[in-house]
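S.K.: got a sequence here, can you build the structure:
(one chain, ligands or ions: 2)
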Amino acid sequence: MTKSAFITGITGQDGAYLAKLLLQKGYRVHGGVRRISHPETTRLAALGIADQVTLHSFDLNEINNIVRVIRDTPVDEFYNLAAQSFVGASWEQPIYTGDANGMGVVRILDCLRTYHPNTRFYQASTSEMFGLVQEVPQRETTPFYPRSPYGVAKAYGHYITMNYRESFGMHASSGVLFNHESPLRGKEFVTRKITLGLAKIARGSNEVLKLGNLDVQRDWGYAGDYVRGMWLMLQQDQPDDYVLATGVTTPIREFVRYAAEALDMELEFMGRGLNEMAVERKTGRRILEVDPDFFRPAEVDLLIGDASKAKSSLGWHAKMPVKTLAAMMAQADFDALRA
Ligand code: NAP
Ligand code: G4F
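M.R.: Ligands and ions are numbered 1, 2, ... in the order given. Here you go, the predicted model:
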(Lines give C-alpha, C1' and ligand atoms only; values in the text may rest on other atoms or scores of the structure.)
(Ligands and ions follow the chains in the order given, each with its own letter.)
Protein backbone atom coordinates (compact mmCIF):
# COMPACT_ATOMS: atom_id res chain seq x y z
CA MET A 1 0.00 0.00 0.00
CA THR A 2 1.24 3.51 -0.80
CA LYS A 3 2.53 5.26 2.30
CA SER A 4 1.91 8.93 2.97
CA ALA A 5 3.82 11.58 4.89
CA PHE A 6 3.40 15.19 5.96
CA ILE A 7 6.49 17.40 6.21
CA THR A 8 6.28 20.75 7.99
CA GLY A 9 9.04 23.06 6.74
CA ILE A 10 9.00 21.38 3.33
CA THR A 11 10.32 24.57 1.72
CA GLY A 12 13.48 24.46 3.89
CA GLN A 13 16.76 22.67 3.24
CA ASP A 14 15.90 19.43 5.03
CA GLY A 15 12.26 19.50 3.96
CA ALA A 16 13.25 19.51 0.30
CA TYR A 17 15.76 16.65 0.66
CA LEU A 18 13.36 14.59 2.77
CA ALA A 19 10.51 15.13 0.30
CA LYS A 20 12.76 13.92 -2.52
CA LEU A 21 13.79 10.82 -0.55
CA LEU A 22 10.18 9.93 0.34
CA LEU A 23 9.00 10.42 -3.25
CA GLN A 24 11.79 8.09 -4.41
CA LYS A 25 10.46 5.55 -1.92
CA GLY A 26 6.97 5.84 -3.42
CA TYR A 27 5.33 7.96 -0.68
CA ARG A 28 2.55 10.46 -1.27
CA VAL A 29 4.08 13.62 0.16
CA HIS A 30 2.20 16.52 1.75
CA GLY A 31 3.97 19.63 2.95
CA GLY A 32 3.22 22.62 5.15
CA VAL A 33 3.96 26.07 3.76
CA ARG A 34 3.43 29.27 5.72
CA ARG A 35 1.90 32.27 4.08
CA ILE A 36 4.55 34.73 2.86
CA SER A 37 4.24 37.49 0.27
CA HIS A 38 6.43 35.68 -2.24
CA PRO A 39 5.84 31.89 -2.24
CA GLU A 40 9.23 30.23 -1.97
CA THR A 41 9.49 26.76 -3.45
CA THR A 42 12.91 27.21 -5.05
CA ARG A 43 14.50 24.31 -3.15
CA LEU A 44 11.75 21.92 -4.24
CA ALA A 45 12.19 23.21 -7.79
CA ALA A 46 15.97 22.79 -7.57
CA LEU A 47 15.43 19.10 -6.76
CA GLY A 48 12.84 18.79 -9.57
CA ILE A 49 9.94 17.86 -7.27
CA ALA A 50 7.90 21.08 -6.90
CA ASP A 51 4.96 19.60 -8.80
CA GLN A 52 5.08 16.21 -7.06
CA VAL A 53 4.09 17.31 -3.55
CA THR A 54 0.76 18.56 -2.19
CA LEU A 55 1.18 21.81 -0.30
CA HIS A 56 -1.04 22.99 2.57
CA SER A 57 -1.14 26.36 4.26
CA PHE A 58 0.47 25.63 7.65
CA ASP A 59 1.85 27.82 10.43
CA LEU A 60 3.38 26.51 13.67
CA ASN A 61 2.00 29.52 15.55
CA GLU A 62 -1.68 29.14 14.53
CA ILE A 63 -3.54 26.43 16.41
CA ASN A 64 -6.79 26.41 14.40
CA ASN A 65 -4.85 26.11 11.17
CA ILE A 66 -2.87 23.18 12.58
CA VAL A 67 -6.03 21.46 13.81
CA ARG A 68 -7.73 21.71 10.41
CA VAL A 69 -4.70 20.57 8.41
CA ILE A 70 -3.89 17.61 10.64
CA ARG A 71 -7.53 16.53 11.04
CA ASP A 72 -8.14 16.64 7.27
CA THR A 73 -4.83 15.12 6.13
CA PRO A 74 -4.37 11.67 7.65
CA VAL A 75 -0.86 10.35 6.97
CA ASP A 76 1.32 7.44 8.08
CA GLU A 77 4.29 9.61 9.05
CA PHE A 78 4.54 13.23 10.21
CA TYR A 79 7.91 15.00 10.13
CA ASN A 80 8.06 18.29 12.04
CA LEU A 81 10.95 20.13 10.39
CA ALA A 82 9.47 23.64 10.53
CA ALA A 83 11.16 26.08 12.89
CA GLN A 84 12.71 29.49 13.25
CA SER A 85 15.99 27.73 12.57
CA PHE A 86 18.56 30.54 12.69
CA VAL A 87 20.19 30.61 16.12
CA GLY A 88 21.45 34.18 15.68
CA ALA A 89 17.92 35.52 15.08
CA SER A 90 16.61 33.83 18.21
CA TRP A 91 18.00 36.61 20.45
CA GLU A 92 16.20 39.17 18.29
CA GLN A 93 12.92 37.20 18.31
CA PRO A 94 13.06 35.06 21.44
CA ILE A 95 9.30 34.93 22.04
CA TYR A 96 8.41 34.10 18.47
CA THR A 97 11.16 31.47 18.45
CA GLY A 98 9.87 29.94 21.69
CA ASP A 99 6.34 29.87 20.34
CA ALA A 100 7.25 28.29 16.99
CA ASN A 101 10.01 25.91 18.09
CA GLY A 102 8.58 24.95 21.47
CA MET A 103 4.81 25.46 21.58
CA GLY A 104 4.53 24.60 17.87
CA VAL A 105 5.64 21.05 18.68
CA VAL A 106 3.01 20.45 21.35
CA ARG A 107 0.31 21.95 19.12
CA ILE A 108 1.12 19.30 16.52
CA LEU A 109 1.51 16.45 18.99
CA ASP A 110 -1.78 17.22 20.68
CA CYS A 111 -3.66 17.35 17.35
CA LEU A 112 -2.11 14.04 16.31
CA ARG A 113 -3.05 12.56 19.68
CA THR A 114 -6.65 13.70 19.16
CA TYR A 115 -7.19 12.83 15.51
CA HIS A 116 -4.52 10.33 14.38
CA PRO A 117 -2.76 8.82 17.39
CA ASN A 118 -1.21 6.05 15.28
CA THR A 119 0.63 8.44 12.95
CA ARG A 120 4.37 8.16 13.48
CA PHE A 121 5.98 11.48 14.47
CA TYR A 122 9.50 12.85 13.97
CA GLN A 123 10.76 15.94 15.82
CA ALA A 124 13.74 17.93 14.51
CA SER A 125 15.79 18.22 17.69
CA THR A 126 19.28 19.66 17.61
CA SER A 127 22.82 19.55 18.95
CA GLU A 128 22.26 23.20 19.99
CA MET A 129 20.55 21.72 23.07
CA PHE A 130 24.01 20.58 24.27
CA GLY A 131 25.20 24.20 24.14
CA LEU A 132 27.89 24.56 26.78
CA VAL A 133 28.83 20.94 26.38
CA GLN A 134 28.88 18.77 29.49
CA GLU A 135 30.60 15.83 27.77
CA VAL A 136 32.78 15.26 24.69
CA PRO A 137 31.62 13.79 22.37
CA GLN A 138 27.90 14.42 22.87
CA ARG A 139 25.52 11.48 22.82
CA GLU A 140 21.85 10.80 23.63
CA THR A 141 22.53 10.75 27.38
CA THR A 142 24.62 13.95 27.54
CA PRO A 143 22.84 16.58 29.70
CA PHE A 144 21.53 19.65 27.88
CA TYR A 145 22.84 23.18 28.54
CA PRO A 146 21.32 25.32 25.75
CA ARG A 147 22.97 28.68 25.08
CA SER A 148 20.34 30.49 22.98
CA PRO A 149 16.58 31.09 22.96
CA TYR A 150 16.61 28.73 19.96
CA GLY A 151 18.29 25.95 21.95
CA VAL A 152 15.99 26.45 24.94
CA ALA A 153 12.87 26.26 22.75
CA LYS A 154 14.16 23.14 21.00
CA ALA A 155 14.80 21.50 24.38
CA TYR A 156 11.10 21.99 25.19
CA GLY A 157 10.19 20.43 21.81
CA HIS A 158 12.48 17.51 22.58
CA TYR A 159 11.10 16.83 26.05
CA ILE A 160 7.45 17.22 25.03
CA THR A 161 8.01 14.69 22.23
CA MET A 162 9.45 12.26 24.78
CA ASN A 163 6.57 13.05 27.12
CA TYR A 164 3.83 12.31 24.52
CA ARG A 165 5.61 9.05 23.72
CA GLU A 166 5.67 8.03 27.37
CA SER A 167 2.25 9.44 28.35
CA PHE A 168 0.16 8.36 25.37
CA GLY A 169 2.19 5.58 23.77
CA MET A 170 2.63 7.57 20.58
CA HIS A 171 5.30 6.56 18.06
CA ALA A 172 7.17 9.85 18.55
CA SER A 173 10.94 10.08 17.97
CA SER A 174 13.47 12.90 18.03
CA GLY A 175 16.58 13.17 15.93
CA VAL A 176 19.26 15.12 17.77
CA LEU A 177 20.96 16.30 14.62
CA PHE A 178 24.33 17.99 14.45
CA ASN A 179 24.91 20.67 11.79
CA HIS A 180 24.17 19.49 8.29
CA GLU A 181 24.65 21.53 5.18
CA SER A 182 24.25 21.42 1.41
CA PRO A 183 24.09 23.69 -1.61
CA LEU A 184 20.48 24.35 -0.53
CA ARG A 185 21.54 25.70 2.89
CA GLY A 186 20.19 29.16 3.81
CA LYS A 187 22.64 31.90 2.88
CA GLU A 188 22.89 33.29 6.45
CA PHE A 189 24.35 30.08 7.93
CA VAL A 190 28.12 30.19 8.20
CA THR A 191 29.03 27.39 5.76
CA ARG A 192 26.90 28.76 2.93
CA LYS A 193 27.95 32.32 3.70
CA ILE A 194 31.55 31.15 3.29
CA THR A 195 31.05 29.15 0.08
CA LEU A 196 28.92 31.85 -1.56
CA GLY A 197 31.28 34.64 -0.47
CA LEU A 198 34.35 32.80 -1.76
CA ALA A 199 32.60 31.83 -5.01
CA LYS A 200 31.78 35.50 -5.65
CA ILE A 201 35.41 36.44 -5.01
CA ALA A 202 36.60 33.67 -7.33
CA ARG A 203 34.26 35.13 -9.96
CA GLY A 204 35.95 38.52 -9.64
CA SER A 205 33.99 40.32 -6.91
CA ASN A 206 35.92 42.76 -4.69
CA GLU A 207 33.81 41.90 -1.64
CA VAL A 208 35.55 40.88 1.58
CA LEU A 209 33.94 37.99 3.48
CA LYS A 210 32.99 39.22 6.98
CA LEU A 211 32.57 36.58 9.68
CA GLY A 212 32.12 36.54 13.44
CA ASN A 213 33.71 34.14 15.94
CA LEU A 214 36.26 32.03 14.04
CA ASP A 215 37.22 29.96 17.08
CA VAL A 216 34.14 27.74 17.16
CA GLN A 217 34.12 24.15 15.95
CA ARG A 218 31.20 22.28 14.44
CA ASP A 219 30.43 18.70 13.44
CA TRP A 220 29.30 19.33 9.86
CA GLY A 221 27.67 16.67 7.68
CA TYR A 222 25.65 16.55 4.46
CA ALA A 223 21.88 17.13 4.70
CA GLY A 224 21.16 14.35 2.18
CA ASP A 225 22.66 11.82 4.60
CA TYR A 226 20.72 13.18 7.58
CA VAL A 227 17.21 12.99 6.07
CA ARG A 228 17.84 9.29 5.48
CA GLY A 229 18.39 8.99 9.24
CA MET A 230 15.08 10.76 9.96
CA TRP A 231 13.22 8.29 7.77
CA LEU A 232 14.99 5.30 9.36
CA MET A 233 13.87 6.45 12.84
CA LEU A 234 10.23 6.21 11.81
CA GLN A 235 10.70 2.73 10.32
CA GLN A 236 11.65 1.24 13.72
CA ASP A 237 9.12 -0.83 15.71
CA GLN A 238 9.79 1.29 18.79
CA PRO A 239 10.12 5.09 18.90
CA ASP A 240 13.32 6.50 20.38
CA ASP A 241 15.79 9.41 20.24
CA TYR A 242 18.99 9.31 18.21
CA VAL A 243 22.03 11.51 17.68
CA LEU A 244 23.03 11.93 14.03
CA ALA A 245 26.55 13.28 13.54
CA THR A 246 29.77 12.63 11.65
CA GLY A 247 31.97 12.33 14.75
CA VAL A 248 34.43 14.83 13.27
CA THR A 249 34.64 18.45 14.40
CA THR A 250 36.16 21.21 12.28
CA PRO A 251 37.13 24.79 13.13
CA ILE A 252 35.57 27.49 10.95
CA ARG A 253 39.02 28.48 9.61
CA GLU A 254 39.48 24.94 8.32
CA PHE A 255 36.10 24.97 6.57
CA VAL A 256 37.10 28.27 4.92
CA ARG A 257 40.35 26.67 3.76
CA TYR A 258 38.56 23.62 2.31
CA ALA A 259 36.11 25.80 0.37
CA ALA A 260 38.89 28.11 -0.86
CA GLU A 261 41.02 25.18 -2.03
CA ALA A 262 38.10 23.88 -4.09
CA LEU A 263 38.11 27.26 -5.86
CA ASP A 264 41.90 27.19 -6.38
CA MET A 265 42.59 29.78 -3.68
CA GLU A 266 45.25 29.24 -1.03
CA LEU A 267 44.62 31.34 2.07
CA GLU A 268 46.83 32.49 4.90
CA PHE A 269 45.27 33.54 8.22
CA MET A 270 47.04 36.30 10.15
CA GLY A 271 46.38 38.52 13.16
CA ARG A 272 44.34 37.68 16.25
CA GLY A 273 40.87 38.33 17.65
CA LEU A 274 39.02 41.17 15.96
CA ASN A 275 42.14 41.93 13.87
CA GLU A 276 42.31 38.47 12.35
CA MET A 277 42.07 38.24 8.56
CA ALA A 278 42.81 35.90 5.69
CA VAL A 279 44.69 36.85 2.55
CA GLU A 280 45.17 34.97 -0.70
CA ARG A 281 48.81 33.77 -0.83
CA LYS A 282 49.18 34.29 -4.58
CA THR A 283 47.92 37.88 -4.74
CA GLY A 284 48.17 39.09 -1.14
CA ARG A 285 44.56 40.21 -1.46
CA ARG A 286 42.45 40.42 1.69
CA ILE A 287 39.66 37.84 1.44
CA LEU A 288 38.23 37.62 4.96
CA GLU A 289 37.83 39.88 8.00
CA VAL A 290 36.34 39.47 11.47
CA ASP A 291 33.27 41.61 12.10
CA PRO A 292 31.98 41.91 15.69
CA ASP A 293 28.42 42.33 14.34
CA PHE A 294 28.34 38.56 13.76
CA PHE A 295 29.29 37.56 17.30
CA ARG A 296 26.51 36.11 19.47
CA PRO A 297 25.54 37.06 23.04
CA ALA A 298 26.44 33.50 24.12
CA GLU A 299 28.34 30.97 22.04
CA VAL A 300 28.39 27.21 21.53
CA ASP A 301 32.13 26.70 21.19
CA LEU A 302 32.45 23.04 20.36
CA LEU A 303 30.12 20.39 18.99
CA ILE A 304 31.12 16.84 18.17
CA GLY A 305 28.61 14.02 18.15
CA ASP A 306 28.73 10.32 18.85
CA ALA A 307 26.26 8.61 16.51
CA SER A 308 27.09 5.05 17.55
CA LYS A 309 23.50 4.37 18.70
CA ALA A 310 22.18 5.36 15.24
CA LYS A 311 24.83 3.13 13.67
CA SER A 312 24.02 0.06 15.72
CA SER A 313 20.21 0.45 15.82
CA LEU A 314 19.44 2.09 12.46
CA GLY A 315 22.46 1.09 10.39
CA TRP A 316 22.99 4.82 9.75
CA HIS A 317 26.26 6.64 9.31
CA ALA A 318 27.23 9.95 7.72
CA LYS A 319 28.77 9.25 4.34
CA MET A 320 30.15 12.61 3.22
CA PRO A 321 33.32 14.00 4.85
CA VAL A 322 33.39 17.74 5.63
CA LYS A 323 36.10 18.48 3.06
CA THR A 324 33.99 16.98 0.27
CA LEU A 325 30.96 18.87 1.58
CA ALA A 326 32.79 22.22 1.54
CA ALA A 327 34.07 21.58 -1.98
CA MET A 328 30.63 20.53 -3.20
CA MET A 329 29.00 23.68 -1.79
CA ALA A 330 31.71 25.99 -3.11
CA GLN A 331 31.53 24.44 -6.56
CA ALA A 332 27.73 24.66 -6.64
CA ASP A 333 27.85 28.36 -5.74
CA PHE A 334 30.59 28.99 -8.27
CA ASP A 335 28.61 27.24 -11.03
CA ALA A 336 25.36 29.02 -10.14
CA LEU A 337 27.07 32.42 -10.41
CA ARG A 338 27.98 31.67 -14.03
CA ALA A 339 24.32 31.18 -14.94
P1 NAP B 1 15.44 25.84 7.18
O2 NAP B 1 16.07 25.63 5.87
O3 NAP B 1 15.55 27.18 7.83
O4 NAP B 1 13.87 25.47 7.04
C5 NAP B 1 12.95 25.81 8.04
C6 NAP B 1 11.57 25.59 7.50
O7 NAP B 1 10.62 25.96 8.53
C8 NAP B 1 11.22 26.46 6.27
O9 NAP B 1 10.42 25.71 5.42
C10 NAP B 1 10.41 27.59 6.89
O11 NAP B 1 9.52 28.21 6.00
C12 NAP B 1 9.65 26.83 7.96
N13 NAP B 1 9.09 27.69 8.99
C14 NAP B 1 9.72 28.64 9.72
N15 NAP B 1 8.86 29.21 10.59
C16 NAP B 1 7.66 28.61 10.40
C17 NAP B 1 6.38 28.76 10.99
N18 NAP B 1 6.14 29.65 11.97
N19 NAP B 1 5.37 27.97 10.55
C20 NAP B 1 5.58 27.06 9.56
N21 NAP B 1 6.76 26.89 8.95
C22 NAP B 1 7.80 27.64 9.38
O23 NAP B 1 15.95 24.77 8.25
P24 NAP B 1 16.62 23.33 8.00
O25 NAP B 1 18.10 23.48 8.02
O26 NAP B 1 15.96 22.66 6.86
O27 NAP B 1 16.25 22.60 9.36
C28 NAP B 1 15.07 21.79 9.48
C29 NAP B 1 14.76 21.57 10.93
O30 NAP B 1 15.83 20.89 11.56
C31 NAP B 1 14.56 22.84 11.73
O32 NAP B 1 13.58 22.56 12.71
C33 NAP B 1 15.90 23.08 12.40
O34 NAP B 1 15.73 23.83 13.58
C35 NAP B 1 16.32 21.65 12.66
N36 NAP B 1 17.76 21.39 12.68
C37 NAP B 1 18.54 21.76 11.65
C38 NAP B 1 19.88 21.43 11.66
C39 NAP B 1 20.80 21.82 10.52
O40 NAP B 1 22.02 21.81 10.73
N41 NAP B 1 20.28 22.11 9.33
C42 NAP B 1 20.43 20.72 12.75
C43 NAP B 1 19.59 20.35 13.78
C44 NAP B 1 18.24 20.66 13.75
P45 NAP B 1 9.99 29.39 4.98
O46 NAP B 1 10.54 28.68 3.77
O47 NAP B 1 8.74 30.14 4.73
O48 NAP B 1 11.03 30.19 5.72
O1 G4F C 1 26.01 28.28 10.70
P2 G4F C 1 25.50 28.76 12.00
O3 G4F C 1 24.61 29.93 11.98
O4 G4F C 1 24.83 27.49 12.68
P5 G4F C 1 24.49 27.10 14.19
O6 G4F C 1 24.36 28.29 15.05
O7 G4F C 1 25.48 26.08 14.60
O8 G4F C 1 23.05 26.46 14.04
C9 G4F C 1 22.77 25.51 13.01
O10 G4F C 1 23.04 24.21 13.49
C11 G4F C 1 22.22 23.80 14.60
C12 G4F C 1 22.66 22.39 14.98
O13 G4F C 1 23.76 22.47 15.85
C14 G4F C 1 20.76 23.83 14.17
F15 G4F C 1 19.98 23.42 15.20
C16 G4F C 1 20.38 25.24 13.75
O17 G4F C 1 19.03 25.25 13.26
C18 G4F C 1 21.31 25.67 12.60
O19 G4F C 1 21.04 24.86 11.49
O20 G4F C 1 26.71 29.10 12.97
C21 G4F C 1 27.73 28.17 13.24
C22 G4F C 1 28.82 28.85 14.04
C23 G4F C 1 28.31 29.66 15.25
O24 G4F C 1 29.10 29.32 16.35
C25 G4F C 1 28.53 31.10 14.86
O26 G4F C 1 28.81 31.98 15.94
O27 G4F C 1 29.47 29.78 13.20
C28 G4F C 1 29.73 30.96 13.95
N29 G4F C 1 29.88 32.08 13.01
C30 G4F C 1 30.99 32.83 12.86
N31 G4F C 1 30.79 33.78 11.95
C32 G4F C 1 28.94 32.55 12.19
C33 G4F C 1 29.51 33.63 11.52
N34 G4F C 1 27.67 32.15 11.96
C35 G4F C 1 26.95 32.82 11.03
N36 G4F C 1 25.71 32.41 10.75
N37 G4F C 1 27.48 33.90 10.35
C38 G4F C 1 28.75 34.35 10.57
O39 G4F C 1 29.20 35.32 9.97
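S.K.: tell me who's in contact with F130.
M.R.: By Cβ atoms under 8 Å, 6 or more residues apart in numbering, the residues touching F130 are 138, 142, 144-146, 300, 303. Glycine gets a C-beta too; all of them are placed from N, C-alpha and C.
S.K.: quick check: residues of this protein near ligand 2?
M.R.: Counting by Cβ under 6 Å from any ligand atom, the positions of the chain adjacent to ligand 2 are 85, 87-88, 126-128, 178-179, 188-190, 193, 211-213, 216, 218, 252, 294, 296, 299-300, 303.
S.K.: one more pass at 8 Å, please.
M.R.: For the chain, the residues in contact with ligand 2 (Cβ under 8 Å from any ligand atom) are 83, 85-88, 124, 126-128, 148, 150-151, 154, 177-180, 188-193, 210-214, 216, 218, 252, 291, 294-296, 299-301, 303.
S.K.: filter these down to the buried ones and hand me the ChimeraX line.
M.R.: Buried members of the residues of the chain next to ligand 2, defined by 16 or more other Cβ atoms under 10 Å, are picked up in ChimeraX with:
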select :83,85,87,88,124,126,127,128,148,150,151,154,177,178,179,180,189,190,191,192,193,211,212,214,216,218,252,299,300,303
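S.K.: filter the contacts of F130 down to the buried ones.
M.R.: Using 16+ other Cβ under 10 Å, the buried ones in these are 138, 142, 144, 146, 300, 303.
S.K.: so which of these comes closest to D59?
M.R.: P146 (24.1 Å; Cβ to Cβ).
S.K.: do a quick rundown of the helices in the stretch 1-150 of the chain.
M.R.: With DSSP state H, counting those that start in this stretch as the criterion, the stretch 1-150 of the chain has helices at 13-24, 42-46, 63-72, 94-98, 104-115, 149-168.
S.K.: what helices or strands is the second one leaning on?
M.R.: Contact analysis of helix 42-46 by 3 or more Cβ pairs under 8 Å, 6 or more residues apart in numbering; DSSP states H and E lists helix 13-24 as its packing neighbours.
S.K.: in terms of secondary structure, what does the helix it packs on contact?
M.R.: Judged by 3+ Cβ pairs under 8 Å, 6+ apart, helix 13-24 is in contact with strand 4-8, strand 28-33, helix 42-46, helix 223-234.
S.K.: buried sites along that helix?
M.R.: 13-23.
S.K.: what's the answer for stretch 153-169, then?
M.R.: Of the residues in stretch 153-169, those buried (16+ other Cβ under 10 Å) are 153-162, 164-165.
S.K.: would TSV of the residues you listed with distance to ligand 1 and pLDDT be doable?
M.R.: Output for these, formatted as TSV (distance: Cβ to the nearest ligand atom, whole Å; pLDDT from 0 to 100):
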residue	distance to ligand 1	pLDDT
A153	9	99
K154	7	99
A155	12	99
Y156	13	99
G157	8	99
H158	10	99
Y159	15	98
I160	14	99
T161	12	99
M162	16	98
Y164	17	98
R165	18	98
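S.K.: gap between E254 and ligand 2?
M.R.: Per Cβ to the nearest ligand atom, to the nearest Å, E254 is found 12 Å from ligand 2.
S.K.: what does T142 give?
M.R.: Relative to ligand 2, T142 is positioned 13 Å away (Cβ to the nearest ligand atom).
S.K.: excluding sequence neighbours, find me the nearest residue to that residue.
M.R.: E135 (4.4 Å; Cβ to Cβ, 6 or more residues apart in numbering).
S.K.: phi first, then psi, for that neighbour.
M.R.: phi -160, psi 150 (degrees, to the nearest 10).
S.K.: let's see the pLDDT reported for it.
M.R.: E135 carries a pLDDT value of 98.
S.K.: same deal with the one 5 residues further on?
M.R.: Per-residue confidence at E140 stands at 98 (pLDDT).
S.K.: go on, L132?
M.R.: 98.
S.K.: check contacts around the closest residue to it other than its chain neighbours.
M.R.: What sits nearest to L132 in space, not counting adjacent residues and going by Cβ to Cβ, 6+ apart, is Y145, at 4.4 Å. Contact analysis of Y145 by Cβ under 8 Å, 6+ apart lists 130-134.
S.K.: what are the buried residues along stretch 232-243?
M.R.: Applying 16+ other Cβ under 10 Å to stretch 232-243 flags 232-234, 239-243 as buried.
S.K.: got the end-to-end distance for it?
M.R.: Its first and final residues considered, stretch 232-243 spans 13 Å by Cα to Cα, to the nearest Å.
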